[in-house]
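[1] Attaching a predicted model along with its sequence, questions to come.
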Amino acid sequence: MSIPFLKGHGTENDFVIVPDPDNALDLTPAAVAVLCDRRAGIGADGVLHVVRSAAHPEAKGMAADAEWFMDYRNGDGSIAEMCGNGVRVFARYLQHAGHVTEGDLCVATRGGVKKVHIAEDGDVTVGMGRARLPEGDVTVSVGDRTWPARNVNMGNPHAVAFVADLTDAGDLHTPPPFSPPSAYPEGVNVEFVVDRGPRHVAMRVHERGSGETRSCGTGACAVAVAAARRDGADPTVTGTPATYTVDVPGGRLVITERPGGEIEMTGPAVIVATGEIDAEWLENAAR
């Protein structure tokens with residue numbers, strides 16, 4: 001037997017896409033990890049398991065609002081609440097497969113139903129919901145250096161630290177230590193950020209469960225929110241939308257926060273290949 005798959009990326013945050021409308025596949029954490037292995041598998045930052053909402057126990061309650069559920073898994077096989085770049089690539093896959101056309105659609109995620117717009121120019125905009133800003137001081141460290149960080153939750157947790165140079169982040173292969181431990185009991189995505197110009201920043205990120213990635217959509221949103229608060233441009237206070245350009249190693253994202261708190265992320269999404277996974281290999285490799 002073989003299992004169809006596709007490979008796609010959003011600003012080089014790359015994914016193995018596994019279409020499974022009826023939720024018939026048992027994608028164990030070990031199977032996901034080996035698929036994402038860049039030497040022994042296909043290689044990716046995560047897996048986009050494409051399932052009809054009505055067929056998945058975690059998404060049945062969203063089926064009336066969104067036909068498709070993004071069952072997202074990190075590269076180590078763990079489950080994630082949300083992945084902003086993943087939603088864009090997920091939407092591009094639905095268009096590629098003929099399930100949707102240009103225009104508006106909704107995608108169910110563990111972080112709720114996300115509104116998506118596929119533009120004629122190929123960019124995809126995702127409504128990322130609202131940021132939560134938990135109170136309390138947080139710090140992150142690399143080696144013997146420590147920085148204050150802004151705690152931002154985009155459906156998943158982020159610690160945003162503004163630094164003088166992106167090399168300050170080190171190699172980001174391992175999770176940067178943070179304090180206090182109670183701030184992120186299940187781990188955290190850590191963004192290191194520098195200014196490039198007015199409302200223009202650049203970032204590197206350690207994604208929880210994946211290591212350093214070329215891009216992180218929810219992370220870019222968290223960075224824009226933290227920068228707006230730092231710059232005195234909080235749209236919920238000023239009544240004016242705040243738009244930030246966020247450069248990531250894999251490209252560029254544009255983040256807009258509306259006065260009502262809603263955040264939109266716009267960027268590219270690309271399908272680069274299709275193929276088949278050898279089911280016997282996957283079963284043996286995942287043991």
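    Okay, I see it.
[2] nearest spatial neighbour of the residue nearest the centre of the chain, skipping sequence neighbours?
    Residue closest to the average C-alpha location in the chain (C-alpha atoms, centre = their mean): C83, at 2.6 Å. Sequence neighbours aside, Y72 is the residue nearest to C83 in space, at 4.9 Å (criterion: C-beta to C-beta, 6 or more residues apart in numbering). (Glycine included, C-beta is placed from N, CA and C.)
[3] Check the spacing between R204 and R229 real quick.
    Applying C-beta to C-beta, to the nearest Å, the value for R204 to R229 is 20 Å.
[4] of the two, who's got more company?
    R204 (23 against 18; other C-beta atoms under 10 Å).
[5] pretty sure that one belongs to a strand, no?
    Yes - R204: assigned to a strand according to DSSP: H, G, I helix; E, B strand; the rest coil.
[6] give the contact list for it.
    Residues counted as contacts of R204 (C-beta atoms under 8 Å, 6 or more residues apart in numbering) are L166, A169, L172, E191, F192, E212, V248, P249.
[7] So which of those are in helices?
    Judged by DSSP state H, helices contain none of those.
[8] In strands, which of the residues you listed appear?
    The strands, defined by DSSP state E, take in E191, F192, E212, V248 from the contacts of R204.
[9] List the buried residues for stretch 274-281?
    Buried residues in stretch 274-281, counting neighbours by 16 or more other C-beta atoms under 10 Å, are found at I277.
[10] no, scratch that, I was asking about stretch 177-187
    Quick answer for stretch 177-187 (16+ other C-beta under 10 Å): F178, A183, Y184.
[11] Outline the domain layout of this protein.
    2-123+269-285, 138-267 (automatic domain parsing).
[12] In the stretch 101-250 of the chain, mark out all the helices, start to finish.
    For the stretch 101-250 of the chain, the helices defined by DSSP state H, counting those that start in this stretch cover 217-230, 235-238.
[13] Give me the buried positions along the longest one.
    So the one you mean is helix 217-230. Applying 16+ other C-beta under 10 Å to helix 217-230 flags 217-229 as buried.
[14] Equivalent analysis for stretch 21-40, please.
    Here stretch 21-40 shows N23, L25, L27, A31, V32, A33, V34, L35, C36 as buried, counting by 16+ other C-beta under 10 Å.
[15] do stretch 200-209 as well
    Within stretch 200-209, the residues that count as buried by 16+ other C-beta under 10 Å are V201, A202, M203, R204, V205, H206, E207, R208, G209.
[16] Next up, the contacts around the third one.
    With C-beta under 8 Å, 6+ apart as the criterion, the residues that contact M203 are L166, E191, F192, V193, V194, G219, A220, V223, V246, D247, V248.
[17] just the fifth one next, same as before
    In this structure, V205 makes contact with L172, N189, V190, E191, F192, E212, T213, S215, C216, G219, V248, judged by C-beta under 8 Å, 6+ apart.
[18] hmm, which of the residues you listed are the buried ones?
    L172, N189, V190, E191, F192, E212, T213, S215, C216, G219, V248.
[19] Quick one: those residues as a markdown table, columns for pLDDT too.
    Output for those, formatted as a markdown table (pLDDT from 0 to 100):
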| residue | pLDDT |
| --- | --- |
| L172 | 95 |
| N189 | 96 |
| V190 | 98 |
| E191 | 98 |
| F192 | 98 |
| E212 | 94 |
| T213 | 91 |
| S215 | 95 |
| C216 | 93 |
| G219 | 95 |
| V248 | 98 |
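[20] For the residue lying closest to P175 once chain neighbours are set aside, list the residues it contacts.
    In this structure, P175 finds its nearest non-sequential neighbour in H206, 6.0 Å apart by C-beta to C-beta, 6+ apart. H206 makes contact with A169, L172, T174, P175, P176, N189, V190, E212 under the criterion C-beta under 8 Å, 6+ apart.
[21] Spatially, which two of these are the most separated?
    Within those, two members stand farthest from each other by C-beta to C-beta: T174 and N189, at 13.7 Å.
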